[in-house]
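Q: Take this sequence and fold it.
(chains A and B)
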2 protein chains.
Amino acid sequence: MVLMRQEIGDVLRDFRLQKGRTLRQVAGEASVALGYLSEVERGQKEASSEILAAVADALDTPLSVIMGEVSERLAVVEGLTMPLGDRVPDTVPAELVSGYATELVS
Amino acid sequence: MVLMRQEIGDVLRDFRLQKGRTLRQVAGEASVALGYLSEVERGQKEASSEILAAVADALDTPLSVIMGEVSERLAVVEGLTMPLGDRVPDTVPAELVSGYATELVS
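A: Numbers count the residues shown, from 1 in each chain, chains lettered A, B, ... in the order given. Take a look at the predicted model:
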């Protein structure tokens, strides 16, 4: 069974790291307990809609962008689209894409 | 504040109606209480990841497709994209698009 909270957690963590923010910073700005946000990122807790909105706001990222990324990763897990790594032609050096591809299939 | 459960509820209801299914049928197949599914569709209850997966399965619709639609509607609410009605050129008769446009902006 594909569980959305795992994809949401991965995406929230990836956006946070991409912006160079710590759990403590984002939790503080979103007024969410640090331990709770950590559990959400690890896919262990469901985030309510209010908390998702507050975390998206703290990440300066529209919720639609976060959920768009969640949808794309769900499609990979559901086998509806290939992970990026499989779509990249052999002529592109692997090191240029491996980081992102690894994220997509993790 | 943009609340994801409202968009999820709208999308689940729209997919269900599009497939001509009743609340009772989908709730039964997903092993979810009818009243609970009804509240989820009205955006009054958060659906857990397990329930979302079961309802998506009962609707024969991949979760990625449901969440992709949720993401697109969130983008409209967030003002990141225009609702479909605003993008349609004047030469297209309004009655051809009004139903879908109304759904998108509702």
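Q: Run through the residues that contact residue A:51.
A: Residue A:51 sits next to A:30, A:32, A:36, A:40 when contact means C-beta atoms under 8 Å, 6 or more residues apart in numbering or on different chains. Every C-beta, even on glycine, is put in place using the N, C-alpha and C of the backbone.
Q: Buried subset of the residues you listed, written for ChimeraX?
A: Of the contacts of residue A:51, the buried ones can be selected in ChimeraX as follows, counting by 16 or more other C-beta atoms under 10 Å in any protein chain shown:
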select /A:30,32,40
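Q: And the nearest residue to residue A:26 once chain neighbours are set aside, how far from residue A:25?
A: Excluding the flanking residues, the one nearest residue A:26 by C-beta to C-beta, 6 or more residues apart in numbering or on different chains is residue A:58, at 4.9 Å. To residue A:25, residue A:58 is 8 Å away according to C-beta to C-beta, to the nearest Å.
Q: Can you pick out the residue with more neighbours from the two?
A: Each of residue A:58 and residue A:25 has its neighbours counted (other C-beta atoms under 10 Å in any protein chain shown); residue A:58 has more, 20 against 14.
Q: Tell me which stretches of chain A form helices.
A: Per DSSP state H, chain A carries helices over the ranges A:4-18, A:23-30, A:34-41, A:49-58, A:63-77, A:84-87, A:94-105.
Q: what about the residue nearest to residue A:6 when sequence neighbours are not counted, neighbour count?
A: Nearest non-adjacent residue to residue A:6, counting by C-beta to C-beta, 6+ apart: residue A:43, 3.5 Å away. Residue neighbour count, defined by other C-beta under 10 Å, stands at 18 for residue A:43.
Q: now the one 3 residues further on
A: Residue A:46: 20 surrounding residues under other C-beta under 10 Å.
Q: what does residue A:69 give?
A: Count around residue A:69 with other C-beta under 10 Å applied: 22.
Q: ok, it - contacts?
A: Contacts of residue A:69 by C-beta under 8 Å, 6+ apart are A:11, A:14, A:15.
Q: Residue numbers of chain A in contact with chain B?
A: Counting by C-beta under 8 Å from any C-beta of the partner chain, the positions of chain A adjacent to chain B are A:1-6, A:46, A:48-50, A:52-53, A:62-65, A:67-68, A:70-72, A:74-75, A:77-78, A:80.
Q: Just the buried ones out of those, please.
A: Once neighbours are counted (16+ other C-beta under 10 Å), the buried part of these comes down to A:2-6, A:46, A:49, A:52-53, A:62-65, A:67-68, A:70-72, A:74-75, A:77.
Q: pretty sure residue A:42 is touching residue A:9, no?
A: Yes - using C-beta atoms under 8 Å, residue A:42 is in contact with residue A:9, at 5.7 Å.
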